[in-house]
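Q: dropping a prediction and its sequence here:
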Amino acid sequence: MEEHKPRDQRRSGAAHGVLTIFNRVIPRNASWIDLAVVLFVGLILYGVVAVAREWRAPLQAAVAIDLSFAALPRYTFFSLCRGLIAFALSFSFTLVYGYVAARVRFADKAMLPLLDILQSIPVLGFMPGVVLALAALFPTTNFGLELAAVIMIFTGQVWNMTFSFYHSLRSIPPDLLDAARLYRFGWWRRFRGIELPYSTVGLVWNGMMSMAGGWFFLTVNESFRLGDRDFRLPGVGAYMSVAIDHDDHGAMFAAVVAMVVMIVVLDQLMWRPLVAWSERFKFEDVGASTVAQSWLLDRLRPSRPAGAGLSRPCTRARGAFRPARRDHGGLCAGGLRRDRPHRPRQPGPPLSGVRTRQSRPPHPQHGGDEVPGRRARPEGAPVRAGVADPRRHGRRLPR
C-alpha cells in the first residue's frame with residue numbers, strides 16, 4: 001500500500017516541513033539575485049554568531065596574534081564588525097540627541113555646547129579610563145574590551161552626524177511644518193514622513209565621513225597596552241601593531257592591502273547604494289545635472305525581498321501629505337495612508353422587507369388602491385392653504 005501512495009505522502013513530516021519552508025523563502029521562479037540576497041543574509045547571520053562567540057570568549061592575559069596571511073581575513077572581519085556596531089550606535093545617538101536638541105524648547109542652549117566640549121576631548125584622553133572601567137566590570141569575558149573598542153570608535157564617528165542631523169531639522173522649510181500641523185501629524189508621523197526624509201542626504205554623506213574618521217582609531221583601540229597589562233583584541237589594528245613590533249614588512253603590506261580592500265568593499269556594498277538611494281529625497285527646485293548610480297542597487301531592484309525593502313520607505317515619504325479617506329472640512333482625520341486604487345461603489349441587492357419609493361403602492365387619489373393602515377382623504381375635502389401634499393414629492397407621511 002505504501003508503494004501506491006504519492007511521493008509527497010511518503011515523505012517524512014520533518015522533511016516535508018523543511019521543504020515547505022524552503023519553498024516559501026525561495027520560490028520556484030526565484031532568480032539568481034534572490035538566491036544571492038538569501039545567501040548574503042545567511043552570511044550576515046553566521047558573522048553575527050561568530051562575533052558573539054568572540055565577545056563571550058574568556059578573557060586572556062595576552063592575546064596571541066597570528067601573522068599568517070590565512071588569519072588576516074578573520075581579523076579584518078572582526079575589525080569591520082566593530083566599526084559597523086559603532087556606526088549603528090552613533091546613528092541611534094544621532095537621531096535621539098539631534099531630535100531633542102532641535103525640537104525641545106531651549107534644549108539646544110545646553111546640548112550644543114556640551115556636544116562641542118565632548119567633541120574637543122581627544123580620544124586618547126579618556127581611553128585608559130574607559131578600558132580599565134569596562135575591563136573591571138566584565139573581568140571574565142572579552143565583552144568589556146570589545147565594548148571599550150566600540151565606544152572609542154563611536155567617539156570618532158558620532159559628532160559629525162549629530163551636528164548634521166540637528167542642522168537639517170532646523171532648516172526644514174516652514175511650509176512643510178505648517179502642512180504637517182494642518183494635517184494634524186503627530187510627532188512620529190512628522191518624523192517619519194518629513195524630518196527623516198529631509199535629512200537623509202545629509203545623514204548619508206556625513207555618515208560616510210564619520211565612518212572614515214573611525215578607522216583612524218582602529219589600530220590604537222585594538223592594540224592598546226597599559227604598562228604590563230595587554231588589552232589587545234584580534235583585528236587588523238592588532239595585526240599591524242604586531243607586524244611593526246616584529247619588523248615584518250610582508251605582514252605590514254598585507255595589513256594595508258586588507259584595510260584598503262575592506263574600505264573599497266564597504267564603499268561598493270554599502271555607501272554607494274545608500275548615496276544613490278538617497279537621491280530621491282533631495283528637496284530641490286531644479287534637478288541635478290549628475291545623478292549617483294550604483295551597480296548593486298540596479299541589480300537588487302528586480303529582487304523581490306530587496307526591492308520591497310528599498311521601495312517601502314520611499315512610498316511612505318512620497319505619500320506623506322496624501323489625506324486619508326475620512327476628512328472633515330479638508331482636515332485629515334485618519335492620518336497617513338498609502339496610495340489605494342479608487343474602487344467605485346457597486347449597488348447592492350435590494351433589501352427585503354423595506355418599502356422604497358419605487359416599491360411603494362400608489363395612493364388611491366392617483367389611481368392606486370387603498371393604502372393599508374392609512375385613512376384616505378375624503379373626496380372634496382379641501383387641502384390646507386400653504387401646505388403641499390407630501391405624497392406628491394415622494395416624502396413619507398408621519399405615522
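A: The structure has been received and is ready for your questions. The shown structure was predicted, so the numbers you read here are calculated from the model rather than taken from an experiment. Numbers count the residues shown, from 1 in each chain.
Q: check which helix or strand the residue nearest to Phe163 when sequence neighbours are not counted maps to.
A: Excluding its sequence neighbours, the residue lying closest to Phe163 (Cβ to Cβ, 6 or more residues apart in numbering) is Leu115, at 7.2 Å. All C-beta spots, glycine's among them, are computed from the backbone N, C-alpha and C. Secondary structure from DSSP states H and E places Leu115 in helix 108-120.
Q: you'd agree the residue nearest to Phe163 is up against Trp159?
A: Yes: between Leu115 and Trp159 there is a contact at 6.6 Å, judged by Cβ atoms under 8 Å.
Q: other SSEs contacting the helix holding Leu115?
A: If you count contacts as 3 or more Cβ pairs under 8 Å, 6 or more residues apart in numbering; DSSP states H and E, helix 108-120 packs onto helix 72-103, helix 158-170.
Q: which helices and strands sit right next to the first one?
A: In terms of contact count using 3+ Cβ pairs under 8 Å, 6+ apart, helix 72-103 is assigned the packing partners helix 32-55, helix 108-120, helix 143-155, helix 158-170, helix 200-214, helix 218-222, helix 236-245, helix 249-266.
Q: got JSON lines for those helices, with distance to Gly129, mean neighbour count and mean pLDDT too?
A: Converted to JSON lines, the helices and strands packed on helix 72-103 look like this (distance: least, Cβ to Cβ, whole Å; neighbours: other Cβ atoms under 10 Å; pLDDT from 0 to 100):
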{"stretch": "helix 32-55", "distance to Gly129": "21", "mean neighbour count": "13", "mean pLDDT": "81"}
{"stretch": "helix 108-120", "distance to Gly129": "14", "mean neighbour count": "13", "mean pLDDT": "90"}
{"stretch": "helix 143-155", "distance to Gly129": "10", "mean neighbour count": "23", "mean pLDDT": "89"}
{"stretch": "helix 158-170", "distance to Gly129": "18", "mean neighbour count": "21", "mean pLDDT": "92"}
{"stretch": "helix 200-214", "distance to Gly129": "20", "mean neighbour count": "20", "mean pLDDT": "90"}
{"stretch": "helix 218-222", "distance to Gly129": "14", "mean neighbour count": "23", "mean pLDDT": "80"}
{"stretch": "helix 236-245", "distance to Gly129": "20", "mean neighbour count": "21", "mean pLDDT": "89"}
{"stretch": "helix 249-266", "distance to Gly129": "28", "mean neighbour count": "15", "mean pLDDT": "92"}
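Q: between these, which gets nearest to Phe185?
A: helix 158-170 (14.7 Å; Cβ to Cβ).
Q: quick one: the closest one to helix 200-214, angle?
A: Angle, helix 158-170 to helix 200-214, by axes from the mean of the first three to the mean of the last three Cα atoms, to 10 degrees: 170 degrees.
Q: pick the most buried one from the helices and strands packed on helix 108-120.
A: helix 158-170 (a mean of 21; mean count of other Cβ atoms under 10 Å).
Q: can you list the weak-confidence ranges in this structure?
A: The chain contains residues with pLDDT under 70 at 1-32, 285-289, 302-399.
Q: what residues are up against Leu137?
A: Going by Cβ atoms under 8 Å, 6 or more residues apart in numbering, Leu137 touches Gly144.
Q: distance of it relative to Ile153?
A: 19 Å (Cβ to Cβ, to the nearest Å).
Q: related to what we said a few turns ago, distance to Trp277 for the helices and strands packed on helix 108-120 - can I get that in CSV?
A: Formatted as CSV, the helices and strands packed on helix 108-120 follow (distance: least, Cβ to Cβ, whole Å):
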stretch, distance to Trp277
helix 72-103, 16
helix 158-170, 17
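Q: residue contacts, the residue nearest to Phe163?
A: Leu115 sits next to 97, 101, 159, 162-163 when contact means Cβ under 8 Å, 6+ apart.
Q: mind saving the C-alpha coords of stretch 275-294 as CSV?
A: Presented in CSV, the C-alpha positions along stretch 275-294 are these (Å, rounded to 0.1, in the frame of the first residue of the first chain):
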residue,chain,number,x,y,z
VAL,A,275,24.1,57.6,-1.8
ALA,A,276,22.2,56.5,-5.0
TRP,A,277,19.1,55.6,-2.9
SER,A,278,19.2,58.9,-1.0
GLU,A,279,19.0,60.9,-4.3
ARG,A,280,15.2,60.6,-4.3
PHE,A,281,15.0,62.5,-1.0
LYS,A,282,16.6,65.7,-2.4
PHE,A,283,14.5,68.8,-1.8
GLU,A,284,15.4,70.9,-4.8
ASP,A,285,13.6,73.1,-7.3
VAL,A,286,16.0,72.2,-10.1
GLY,A,287,17.1,68.7,-11.0
ALA,A,288,20.7,67.8,-10.5
SER,A,289,22.9,67.5,-13.6
THR,A,290,24.5,64.3,-12.4
VAL,A,291,22.8,61.5,-10.6
ALA,A,292,24.6,59.0,-8.5
GLN,A,293,24.5,55.4,-9.7
SER,A,294,25.1,52.1,-8.1
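Q: in it, which residues are buried?
A: 275-279, 281, 294 (16 or more other Cβ atoms under 10 Å).
Q: among those, which are located in strands?
A: Using DSSP state E, no member of the buried residues of stretch 275-294 falls within strands.
Q: out of these, the closest to Trp215 would be?
A: Checking these against Trp215 with Cβ to Cβ, the nearest one is Val275 at 18.6 Å.
Q: what sits against the closest one?
A: Val275 neighbours (Cβ under 8 Å, 6+ apart): 204-205, 208, 292, 294.
Q: from what I can see Ile85 touches Val150, true?
A: Yes: assessed by Cβ under 8 Å, Ile85 is found in contact with Val150 at 5.3 Å.
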